[in-house]
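Engineer: A predicted structure for the sequence below; I have some questions about it.
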Amino acid sequence: MAVTLTINGKPASFDVPAEMPLLWLLRDVAQMTGTKFGCAAGLCGACSVLIDGTRAFSCQTPAGDAQGKAITTIEGLTEQPLGKALVTAWDEVDVVQCGYCQPGQIVAAASLLKDNPKPDDAAIDAGMAGNICRCGTYPRIRTAIHRAAALHAGEKA
């Protein structure tokens with residue numbers, strides 16, 4: 001069966017079963033490996049993508065369910081102003097340790113900042129719930145989100 005998706009603004013058709021997890025379509029078929037496999041149960045957030053601007057766990061999303069929706073992966077996000085602000089903030093704050101979860105963290109942060117451009121710490125903690133960092137960089141992630149919000153707003157924070 002053909003599954004037609006719009007990924008990072010580009011339409012594409014894939015000959016895969018509609019029930020294939022979007023994660024595997026992205027990684028194995030579309031060769032977009034920025035989205036990471038973590039738990040396959042929607043518990044860690046490593047596979048986070050944006051579907052119509054909202055964070056979704058691609059390991060739990062059948063590819064067929066994403067038809068007709070805009071899918072943004074870490075690759076596409078980093079080409080957008082908000083994504084660039086997040087990557088800059090992540091670098092400035094030196095968030096990354098091992099780095100494995102960071103694409104999912106950045107995608108989740110983009111979803112949060114889209115809905116709440118100036119979140120406080122409690123809003124960040126709530127918005128990032130479901131994304132696990134095994135290295136424990138949560139304080140730096142929180143700081144980077146504050147920094148990205150300021151960068152994206154054009155502030156000199």
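Structural biologist: Perfect, thanks for sending it.

Engineer: Apart from its chain neighbours, what residue comes closest to the residue positioned nearest the centre of the chain?
Structural biologist: With distances taken as Cα atoms, centre = their mean, the residue of the chain nearest its centroid is Val107 (2.1 Å). Nearest non-adjacent residue to Val107, counting by Cβ to Cβ, 6 or more residues apart in numbering: Ser48, 4.2 Å away. Bear in mind the C-beta positions are built from the backbone N, C-alpha and C, glycine included.

Engineer: Now do the phi/psi pair for the one you found.
Structural biologist: The phi and psi torsions at Ser48 (degrees, to the nearest 10) take the values phi -60, psi 130.

Engineer: Could you tell me the per-residue confidence at Ala2?
Structural biologist: As predicted, Ala2 sits at a pLDDT of 89.

Engineer: Count the residues that sit near the nearest residue to Pro17 once chain neighbours are set aside.
Structural biologist: Leaving aside its chain neighbours, Pro17 sits nearest to Met1 (6.1 Å; criterion: Cβ to Cβ, 6+ apart). Met1 has 11 neighbours, counted by other Cβ atoms under 10 Å.

Engineer: who touches Met1 in this structure?
Structural biologist: By Cβ atoms under 8 Å, 6 or more residues apart in numbering, the contact list for Met1 reads Asp15, Val16, Pro17, Ala18, Gly64.

Engineer: export the residues you listed to JSON lines and tack on distance to Arg140, secondary structure and pLDDT?
Structural biologist: Output for those, formatted as JSON lines (distance: Cβ to Cβ, whole Å; DSSP: H, G, I helix; E, B strand; the rest coil; pLDDT from 0 to 100):
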{"residue": "Asp15", "distance to Arg140": "42", "secondary structure": "strand", "pLDDT": "96"}
{"residue": "Val16", "distance to Arg140": "37", "secondary structure": "coil", "pLDDT": "97"}
{"residue": "Pro17", "distance to Arg140": "40", "secondary structure": "coil", "pLDDT": "97"}
{"residue": "Ala18", "distance to Arg140": "39", "secondary structure": "coil", "pLDDT": "97"}
{"residue": "Gly64", "distance to Arg140": "37", "secondary structure": "helix", "pLDDT": "97"}
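
Engineer: ok, what's across the strand from the residue nearest to Val107?
Structural biologist: When assigned by DSSP bridges, Ser48 has beta-bridge partners Phe57.
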